[in-house]
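*Asks:* model this:
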Amino acid sequence: MASDRAAAEVAADLEPALELHRAGHYAQAAAAYARIPHGHPRAASVLYLRASAALRVAGLAAARPLVARAARLEGTPLAEDADPSAYLALGDGLQAAARLAEAVPCYEIALLLDEALVGAYVGLGLVYAAFDRALEAAACFQSALRIDAGCVPALLNLGTAWRHIGQREAALPCYRLAVKLAPDRADAHFLLGSLLCEIRELGEAVAVHRRALALAPDHPGVLSDLGSALVLQGDTDEGPSLLQRAVALAPRWPVAHVNLGIAFLRERRLQEGLAAFRAAQEVDPGCVYARFCESNLYLMQGDFAGGYALYDAHRAVYPHRHRASRWEGQPLAGRTILLYAQHGLGDTLQFVRYVPRVAAMDGRVVLQVQPELLPLLGRQPGAAAVIATTEDAGPFDVQATLLELPAILGGTIETFPADVPYLYADPALQEHWAARLAREDRGFKIGIAWHGNPHQKDGLIRRCSLFDMAPIWGVPGVTVYSLQVGAGREELTASVGRVPVRDLGDLDRDAGAFMDTAAIVEALDLVVTIDTSIAHLAGGLARPVWMVVPYWADWRWMMERTDSPWYPTMRIFRQPRLGAWGPVFAEVGSALHERAMRSGTKRK
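*Replies:* Numbering: from 1, shown residues only. Predicted coordinates:
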């Protein structure tokens, strides 16, 4: 009890000065530190902090004696003419002891004495990174690299700083150069491989991680990342085995448990997955990603109450762009609510259905969507205004993301708003495409899409090849049109003359995202697609859509259902095992043959 009281008294002495320091009131902070008695239990720390404040007010001459006094108190005296490297060593020692704020003036003095001291820039950058000041950290590492372009620690840490703020394209060359300069550093290979896995360059990620593993066979991070990359490629043997080794080597590392749990989920080993996520939370109760994965596990099983009860984890993994005034579902009473897109285009198309329901709660709804969706959603029912996410939202009282609306409003399978259509094609485009398709063919018209966003987190399993879909065009009496936009179109181009799939050209280029596609879908008898935005578009238009999903499907499609509570016109076809598209499209072909025979040449 006495030690606790003493610690509280020490904190009480320091806190006023620290508050001034953190607020940037350096002169007042320096004066407050000076008033703390010399016999204070943390006298050396006080002197370091005072030096940091004094450095900004009066420069090197005021700060250097204070650091020297602090060093003497701790038994590491500096000579009067101390070399800059002595201050660097002192800063490194303080940083190693987790006394980060106290290390700052040491590094800064070292740099004032020698502005070309690379190690001081690196050390100061590491402190800023630990304080979650990534841009200042990056500036320090860049300064180090201007002096020594081959400084591997600066390259690795600069890459990590860029990655921390989402600048992956800037991080990648830093890691690549570090690997080139230091081919025997396992940490360089590990960081490069980890980023490659993150951006779904899995082939290269596996190769890089294998090199890292050869250099450090018992590195838990390498084992876990390599295992995850292999699992993403569909490996159900080596990948999970490596993940289990990582857990065995680092049982107190929550990430290892989470990655193993995700591997179990991909094989539908739900109880083992749940056990892994809970093990991660036992090790670290604050592991929000483990709670996020547990929430998704419940949602996959159709337990929306259980999944949404943990929705705080989703908000932690994907923080709100607007942090103030989060809406919790209370009546709006005339207030303005901002509903905004924060995820993919398909998510926006799915959850924009909630806008009328929110507007009915006596509120003014401002809807903020991806710029490319403005032409399609610009007149969305229930929205007083529709703006782009690149625009200033203007004044609002409360806010929420579109994706969290089912959680806020207590969504269950029985209460999902499934009234369709809630998306609408442009009438002029609809007339144009209906006339064009009618001229081309009067048979049973099918639109297909086989490739989603390759950089989406599950993009590699949410795609098939164009030739996987061959059973569709093998059905007599059908005409098949490509709805594919972007990645995947190269397959159609390379297959001209070999597949009876009609290319409608570069869709949506001029009219805007999904504008041509929506009009075409209205003129088709059926859409067959992998899990991508086109599935949401067709469902929101209330058009017949058959969606093929991988063995490990997204949570919103649940696990066994062949229908969707979100889209009454949707039918779901599922892989019977990982990577097995053949049986899926054989089933699609058989069902299509029956439907086409029933429909004849008449539009349903």
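*Asks:* SS state for residue 446?
*Replies:* Following DSSP: H, G, I helix; E, B strand; the rest coil, residue 446 is assigned to strand.
*Asks:* tell me how far it lies from residue 597.
*Replies:* As judged by Cβ to Cβ, to the nearest Å, residue 446 and residue 597 stand 14 Å apart. C-beta coordinates here come from the backbone N, C-alpha and C atoms, glycine included.
*Asks:* have a look at the two and say which one is more surrounded.
*Replies:* The neighbour count for residue 446 versus residue 597, taken as other Cβ atoms under 10 Å, is higher for residue 446 (25 against 12).
*Asks:* need the contact list for that one.
*Replies:* Residues near residue 446 by Cβ atoms under 8 Å, 6 or more residues apart in numbering: 472, 478-481, 524-528, 592.
*Asks:* recalculate using a threshold of 6 Å.
*Replies:* 478, 480, 526 (Cβ atoms under 6 Å, 6 or more residues apart in numbering).
*Asks:* same check on residue 140?
*Replies:* 121, 124-125.
*Asks:* make JSON lines out of those residues and add secondary structure and distance to residue 497.
*Replies:* What follows is the contacts of residue 140, written out as JSON lines (DSSP: H, G, I helix; E, B strand; the rest coil; distance: Cβ to Cβ, whole Å):
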{"residue": "121", "secondary structure": "helix", "distance to residue 497": "60"}
{"residue": "124", "secondary structure": "helix", "distance to residue 497": "63"}
{"residue": "125", "secondary structure": "helix", "distance to residue 497": "57"}
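*Asks:* now, which of these sits nearest residue 290?
*Replies:* residue 125 (30.2 Å; Cβ to Cβ).
*Asks:* now that closest one, nearest residue through space, not along the chain?
*Replies:* residue 140 (3.2 Å; Cβ to Cβ, 6 or more residues apart in numbering).
*Asks:* gap between the one you found and residue 118?
*Replies:* 10 Å.
*Asks:* need the three-state assignment for the spatially closest residue to residue 301 that is not a sequence neighbour.
*Replies:* If the residues on either side of it in the chain are set aside, residue 301 comes closest to residue 559, at 6.4 Å by Cβ to Cβ, 6+ apart. Following three-state DSSP, the label given to residue 559 is coil.
*Asks:* with just CA atoms, put the helix or strand encompassing residue 296 into PDB.
*Replies:* Assigned by DSSP states H and E, residue 296 belongs to helix 288-300. Extracted in PDB, the C-alpha atoms of helix 288-300 (Å, rounded to 0.1, in the frame of the first residue of the first chain):
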ATOM      1  CA  VAL A 288     -10.100  -7.100 -31.100                       C
ATOM      2  CA  TYR A 289      -9.300  -9.100 -34.200                       C
ATOM      3  CA  ALA A 290     -10.000 -12.300 -32.400                       C
ATOM      4  CA  ARG A 291     -13.400 -10.900 -31.300                       C
ATOM      5  CA  PHE A 292     -14.000  -9.800 -34.900                       C
ATOM      6  CA  CYS A 293     -13.400 -13.300 -36.200                       C
ATOM      7  CA  GLU A 294     -15.600 -14.800 -33.500                       C
ATOM      8  CA  SER A 295     -18.300 -12.400 -34.500                       C
ATOM      9  CA  ASN A 296     -18.000 -13.400 -38.100                       C
ATOM     10  CA  LEU A 297     -18.100 -17.100 -37.100                       C
ATOM     11  CA  TYR A 298     -21.600 -16.500 -35.500                       C
ATOM     12  CA  LEU A 299     -22.800 -14.600 -38.500                       C
ATOM     13  CA  MET A 300     -21.700 -17.400 -40.900                       C
END
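*Asks:* low-scoring pLDDT stretches of the stretch 351-500 of the chain, where are they?
*Replies:* 454-461 (pLDDT under 70).
*Asks:* show me where it has its helices.
*Replies:* In chain order, the stretch 351-500 of the chain shows helices spanning 355-359, 374-377, 405-408, 427-440, 470-473, 489-494, with DSSP state H, counting those that start in this stretch as the criterion.
*Asks:* also the stretch 151-300 of the chain?
*Replies:* Here the stretch 151-300 of the chain has its helices, by DSSP H, counting those that start in this stretch, at 152-164, 168-181, 186-198, 202-215, 220-232, 238-249, 254-266, 270-283, 288-300.
*Asks:* and of those helices, who's closest to residue 391?
*Replies:* Nearest of these (Cβ to Cβ): helix 168-181, 24.4 Å.
*Asks:* average pLDDT for the closest one?
*Replies:* When pLDDT is averaged over helix 168-181, the result is 96.
*Asks:* list the helices and strands it packs on?
*Replies:* Contacts defined by 3 or more Cβ pairs under 6 Å, 6 or more residues apart in numbering; DSSP states H and E place helix 168-181 against helix 152-164, helix 186-198.
*Asks:* can you tell me what sits against it?
*Replies:* By Cβ under 6 Å, 6+ apart, helix 168-181 touches 150, 152, 155-156, 158-159, 162-163, 188-189, 191-192, 195, 199.
*Asks:* check contacts around residue 535.
*Replies:* 529, 545, 547.
*Asks:* which one of the residues you listed is nearest residue 310?
*Replies:* residue 547 (26.6 Å).
*Asks:* what about that closest one, neighbour count?
*Replies:* The burial count for residue 547: 25, using other Cβ under 10 Å.
*Asks:* cross-check the contact I'm expecting between it and residue 572.
*Replies:* Yes. Counting by Cβ atoms under 6 Å, residue 572 is a contact partner of residue 547 at 5.5 Å.
*Asks:* report the contact partners of residue 117.
*Replies:* 84, 110-111.
*Asks:* what's the nearest residue to residue 504 if we skip its chain neighbours?
*Replies:* Nearest to residue 504 is residue 481, by Cβ to Cβ, 6+ apart, at 5.8 Å.
*Asks:* beyond the lowest-mean-pLDDT helix or strand in the chain, next helix or strand please.
*Replies:* In the chain, no helix or strand scores lower on mean pLDDT, DSSP states H and E than helix 2-22, which sits at a mean of 61. Later in the chain than helix 2-22, the nearest helix or strand by DSSP H and E is helix 26-34.
*Asks:* all good on my end, thank you.
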